[in-house]
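Student: I need the structure of the sequence given here:
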Amino acid sequence: MEKTFLLSFLFLLFHLAPAKADLGVGIGIGIGIGIGNGGGGGGGANNSPGPSGPSVSKMDMAYKSLQAWKSAITDDPLKILDNWTGSNVCFYNGVFCSNSFVAGIDLNHANLQGTLVKDLSLLTDLSLLHLNSNRFTGTIPDTFKDLSSLKELDLSNNQFSGEFPTVVLNIPNLIYLDLRFNSFSGTLPDELFRKNLDAILLNNNQFQGQIPQNLASSSASVINLANNKFTGTIPISSLGLVGTYNSKLKEILFLNNQLTGCIPQGVGLFRDVQVLDVSFNSLVGHLPGTLSCLEDIEVLNLAHNQLSGELSDVVCSLKSLVNLTVAYNFFNGLSQECSRLLIRNVGFDFSDNCIPGRDMQRPKPECSVIPGGSLSCLRIPIPKPLDCASLAIASSSP
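Tutor: Residues are numbered from 1 along each chain as shown. Predicted structure coming up:
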């Protein structure tokens with residue numbers, strides 16, 4: 001995700017040259033490009049009088065848009081908007097311009113209180129809008145669909161609420177969507193995973209209901225659904241029913257929801273996944289043999305579920321594994337390869353299971369009943385990794 005963000009931001013800076021040549025600002029997720037003089041920089045092209053002709057109307061619209069937004073901001077304790085006066089918006093703190101238009105707004109960590117206004121849609125050349133860590137409330141105006149150049153929308157760590165803001169699905173060129181740490185609620189629309197997004201960050205909200213069944217076909221490299229109230233099963237079809245699947249996915253996080261059922265066989269098709277976290281749910285049954293196909297996985301967290309069976313070479317032979325957490329389940333054995341993880345440079349936590357002869361396990365009475373015993377995911381153990389190349393071909397066959 002960081003690489004994607006960095007590349008898109010460098011792309012933006014390249015297209016703002018030479019107006020941005022003197023910015024001298026840092027780049028990083030969370031802190032953004034900083035709240036200083038915006039597009040004016042330290043004496044760049046935007047310090048000169050505004051251009052004449054058609055471009056003047058764009059700057060006039062930008063002035064109208066930003067002044068309307070300023071009037072909807074009710075608290076500015078850091079005095080960030082004190083210099084939002086006058087018609088040359090390129091001097092405004094947090095506003096970044098090309099020669100003739102506003103191309104970016106970064107007000108991360110400004111602690112502003114207020115709402116978004118429909119007039120922001122007048123900034124049709126805006127490529128990024130970063131408002132991380134403020135106190136904005138309400139929701140996203142429907143007019144945001146007119147932000148035809150917007151690629152990155154970061155509204156994380158605010159106080160937005162209401163249903164999933166479907167207007168973001170109508171922003172034509174959006175690739176980075178960050179709604180983390182807000183109070184959005186309701187269900188997710190299927191269209192979310194059909195849109196050409198590279199990052200879908202929805203963790204720490206109040207979303208609920210079942211996760212759409214088409215999640216596996218999303219084009220995103222990062223999907224974070226953690227710390228919500230999702231129910232039902234993990235929506236990744238069993239083998240033979242997958243159809244299209246995401247070959248770009250690097251991180252997917254389901255942790256701390258209310259998911260039930262089995263870990264599906266289809267999870268093994270995401271062979272480029274580096275982080276998979278399903279911890280703090282109510283998943284049951286044996287692990288699917290297809291986990292052996294996650295050749296690039298570095299972090300696998302299965303903790304705090306009701307999983308059972310033996311921890312076998314299917315998991316413990318994964319060559320890229322850096323951290324394996326299976327604590328607080330009902331596993332009842334370790335394969336020889338899993339035992340070797342204890343002497344490899346791998347973080348391995350298998351505490352509070354039912355493994356005989358090992359320390360820090362559940363009391364025996366807790367291990368007498370296997371949760372989910374009636375479900376079909378009490379699979380026959382597979383002692384060795386599968387032929388994953390054949391698996392992928394078979395799953396994509398008509």
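Student: in this protein, where's the longest helix?
Tutor: helix 54-71 (DSSP state H).
Student: and that one, how far from the chain's centre?
Tutor: The chain centre lies 32 Å from the centre of helix 54-71; the measure is C-alpha atoms, centre = their mean, to the nearest Å.
Student: and the contacts of it?
Tutor: 50-51, 81, 84, 87-89, 92, 95, 99-102, 114, 116-117, 119-123, 125 (C-beta atoms under 8 Å, 6 or more residues apart in numbering). Bear in mind the C-beta positions are built from the backbone N, C-alpha and C, glycine included.
Student: contact partners for residue 155?
Tutor: Here residue 155 is in contact with 131-132, 136, 140, 178-179, 182 (C-beta under 8 Å, 6+ apart).
Student: could you identify the pair within those that is furthest apart?
Tutor: Greatest spatial distance among the contacts of residue 155 (C-beta to C-beta): 132 and 140, at 14.9 Å.
Student: tell me the mean pLDDT over the longest helix of the chain?
Tutor: Averaged over helix 54-71, pLDDT sits at 88.
Student: can you list the buried residues in that helix?
Tutor: By neighbour count with 16 or more other C-beta atoms under 10 Å, helix 54-71 contains the buried residues 58-59, 61-63, 65-66, 69-70.
Student: now for those residues, which pair is the farthest apart?
Tutor: So, the buried residues of helix 54-71 by C-beta to C-beta: farthest apart are 58 and 70, at 18.5 Å.
Student: circling back to that earlier point, which ones among the contacts of helix 54-71 map onto strands?
Tutor: Among the contacts of helix 54-71, DSSP state E puts 95, 102, 114 in strands.
Student: is it correct that the second one is in contact with residue 124?
Tutor: Spelled out, it's residue 102. No. When contacts are counted by C-beta atoms under 8 Å, residue 102 is not listed as touching residue 124 (9.5 Å).
Student: are any of the contacts of helix 54-71 buried, and if so which?
Tutor: Among the contacts of helix 54-71, the ones that count as buried by 16+ other C-beta under 10 Å are 50, 81, 84, 88-89, 92, 95, 99-102, 114, 116-117, 119-123, 125.
Student: just the element for the closest residue to residue 352 other than its chain neighbours, please.
Tutor: The spatial neighbour of residue 352 that comes closest, neighbours along the chain excluded (C-beta to C-beta, 6 or more residues apart in numbering), is residue 328 at 4.6 Å. Under DSSP states H and E, no helix or strand contains residue 328.
Student: how many neighbours does residue 328 have?
Tutor: Using other C-beta atoms under 10 Å, residue 328 has 19 neighbouring residues.
Student: then the one 5 residues further on?
Tutor: The local packing of residue 333 (other C-beta under 10 Å) involves 16 other residues.
Student: the longest helix of the chain: what's the following helix or strand?
Tutor: strand 73-75.
Student: list the contacts of that next one.
Tutor: Where contact means C-beta under 8 Å, 6+ apart, the residues beyond strand 73-75 that reach it are 81, 111-114, 135.
Student: now the strands for the stretch 101-250 of the chain?
Tutor: 102-106, 113-115, 128-130, 135-138, 152-154, 159-163, 176-178, 183-186, 199-201, 206-210, 222-224, 229-232 (DSSP state E, counting those that start in this stretch).
Student: okay if I get the ones you listed as TSV plus mean pLDDT and distance to residue 353?
Tutor: Below are the strands of the stretch 101-250 of the chain laid out as TSV (pLDDT from 0 to 100; distance: least, C-beta to C-beta, whole Å):
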stretch	mean pLDDT	distance to residue 353
strand 102-106	98	47
strand 113-115	98	48
strand 128-130	98	43
strand 135-138	98	44
strand 152-154	98	40
strand 159-163	98	40
strand 176-178	98	36
strand 183-186	98	35
strand 199-201	98	32
strand 206-210	98	29
strand 222-224	97	27
strand 229-232	98	25
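Student: which of the ones you listed sits most buried?
Tutor: Comparing those by mean neighbour count (mean count of other C-beta atoms under 10 Å), strand 102-106 comes out on top with a mean of 26.
Student: who does the closest residue to residue 257 other than its chain neighbours bridge with?
Tutor: Using C-beta to C-beta, 6+ apart and skipping residues adjacent in sequence, the residue nearest residue 257 is residue 230, 4.2 Å away. For residue 230, the beta-bridge partners are residue 209 (DSSP bridges).
Student: any idea how far residue 230 is from residue 211?
Tutor: To residue 211, residue 230 is 5 Å away according to C-beta to C-beta, to the nearest Å.
Student: also residue 293?
Tutor: 22 Å.
Student: nearest to residue 343, of the buried residues of helix 54-71?
Tutor: Using C-beta to C-beta, the buried residues of helix 54-71 come closest to residue 343 at residue 69, 58.6 Å.
Student: what residues are bridge-paired with the most centrally placed residue in the chain?
Tutor: Nearest to the geometric centre of the chain sits residue 201, at 2.7 Å (C-alpha atoms, centre = their mean). Beta-bridge partners for residue 201, by DSSP bridges, are residue 178, residue 224.
Student: that one against residue 226, yeah?
Tutor: No. Between residue 201 and residue 226 there is no contact under C-beta under 8 Å: 9.6 Å.
Student: and residue 360, how many residues sit next to it?
Tutor: Applying other C-beta under 10 Å, we find 11 residues neighbouring residue 360.
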